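[1] Next come a sequence and a model predicted from it.
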Amino acid sequence: MSRPDRIEIEAAGHVGHVFASRRPSALAPFPDKAQARLAVVLIHGIGASHRYLRRLHALLAESVDTYSIDLPGFGATPRPEHTLAVADHATYILGAMEQLGVLKFVIVGHSMGSQFVTEAALQQPGRIPYVVLMGPVVDSKRRTVAQQTLALGLDSLLYESPSSNAIVFTDYLRCGPRWYLKTLRVMMDYPTDQKITRVTAPVLVLRGANDPVASTDWSRRLAELAPKGRMLEIQGTGHVVQHNRAAEVAEAITAFAGLRTAATYTPQANPA
C-alpha cells in the first residue's frame, strides 16, 4: 500500500489535512457499488495527529478507502484564531469528507476524538452508519483535570510502548501548551455519556484492557447508554490501543462494520 495522499481542505472556515488512501474502483473488494463506497474515517484525540493512527490506517486501507484527518490546530495544520468547540470539529469533519465526495462512512475516534465522532454522528446521522469510540473520554466519575492527568501519566509510564510515547509526546510539543489547554477545557466540559444516548447508529466502545484513562466501568457504561452499543477490550495494551495493537483493532472495526469477512483478513504483528 502506497503512502496516503495529503490533502489540505478548508471547511467550516478552518483548514485541516486529510490523509487519503483510496482504492481504484476495479480493486474494490465488494461487488455492490453502494457498499464499496463506504469508507472509514479516523480521528485523533487532544494534542495528537494522524501519526499515531498510521498503523491502523495502513491495515484498513488494504480493503477499504481510509481517511485520517489532522483537525484544525493539530499536527501541521494552521491554528484557528479562537478555541473550537466539539461541534466545530465535527462540522469540519463532515464538511471535509463531503468535499472529497465521501458521503457515507464508518467514523472512528480515539480519546477526545471519540467526542468529535459522537457529535458528527448527531449532526448528520444519515451519513454515519457505524461509530467506533476508542479509549473514550471523559469518565463522568473522574471529571477533574488532575484525575485525567494522573491517568494519562500512569498510562505512559506503565502501559505504552516507546514508539507510542514518542509519537504522542512529539505531537504534544507541536500542538503547544496554549492550544492544548484551551482544547482541554472543551474536552472536560463535553458530556459524552449524555450525548451517546442520542446516537442512533451502532456504537462499538473499544479500549485497551490496561487503559487507566478509559476504564472498564466507564466504557461499559457508555456501551450500555448507546441505543445500539457494545464494548470490546483488547488485551495487553493501554490507551493508545490503535498503535500498539493495530491488527486487533483493525479486525474489530472491520468485523463490527461488516467491511470484510474473516477469510480475507490475515493478522499482522504489532511492533513496538
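    Received it, and whenever you're ready, just let me know what you need. In this text the structure is predicted, and so the values were computed from the model without any measurement. Numbers count the residues shown, from 1 in each chain.
[2] which regions of this protein lie under the pLDDT threshold?
    1, 25-37, 260-272 (pLDDT under 70).
[3] Tell me which residue lies nearest the centroid of it.
    residue 109 (2.0 Å; CA atoms, centre = their mean).
[4] nearest spatial neighbour of that residue, skipping sequence neighbours?
    Leaving aside its chain neighbours, residue 109 sits nearest to residue 117 (3.5 Å; criterion: CB to CB, 6 or more residues apart in numbering). The way it works is simple: take the backbone N, C-alpha and C, and place the C-beta from them, glycine included.
[5] Could you check which helix or strand contains the one you found?
    In the assignment (DSSP states H and E), residue 117 maps to helix 113-123.
[6] Same question for that helix: list its buried residues.
    For helix 113-123, burial by neighbour count (16 or more other CB atoms under 10 Å) applies to 113-122.
[7] Can you show me the helices along the stretch 151-272 of the chain?
    162-175, 177-189, 192-195, 216-225, 241-244, 246-257 (DSSP state H, counting those that start in this stretch).
[8] Give me the contacts around the longest one.
    Right, helix 162-175. Here helix 162-175 makes contact (CB atoms under 8 Å, 6 or more residues apart in numbering) with 47-49, 51-52, 73-76, 156, 160, 180, 240, 243-244, 271-272.
[9] if you set the cut-off to 6 Å instead, what comes out?
    Helix 162-175 has contacts (CB atoms under 6 Å, 6 or more residues apart in numbering) with 47-49, 51-52, 74, 156, 240, 243-244, 272.
[10] Show me the strands in this protein, by range?
    5-11, 14-21, 39-43, 66-70, 105-110, 131-134, 203-208, 229-234 (DSSP state E).
[11] can you list the helices of the stretch 151-272 of the chain in TSV and add distance to residue 88 and mean neighbour count?
    TSV is the format used below for these (distance: least, CB to CB, whole Å; neighbours: other CB atoms under 10 Å):
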stretch	distance to residue 88	mean neighbour count
helix 162-175	17	16
helix 177-189	9	15
helix 192-195	15	17
helix 216-225	23	18
helix 241-244	24	27
helix 246-257	26	21
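[12] what's stretch 118-131 in contact with?
    86-87, 90, 93-94, 103-104, 106-107, 117, 195-196, 198-203, 257.
[13] Can I get stretch 191-201 as CSV, trimmed to CA atoms?
    The C-alpha trace of stretch 191-201 is given here as CSV (Å, rounded to 0.1, in the frame of the first residue of the first chain):
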residue,chain,number,x,y,z
PRO,A,191,-20.9,15.3,28.3
THR,A,192,-20.1,12.1,26.3
ASP,A,193,-22.3,10.0,28.4
GLN,A,194,-25.3,12.2,27.7
LYS,A,195,-24.6,12.7,24.0
ILE,A,196,-24.2,9.0,23.3
THR,A,197,-27.8,8.3,24.3
ARG,A,198,-28.9,10.1,21.1
VAL,A,199,-26.6,8.3,18.7
THR,A,200,-28.9,6.0,16.6
ALA,A,201,-26.1,4.2,14.7
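[14] That one: how far from the chain's middle?
    Remark: stretch 191-201 is offset 16 Å from the chain centroid, using CA atoms, centre = their mean, to the nearest Å.
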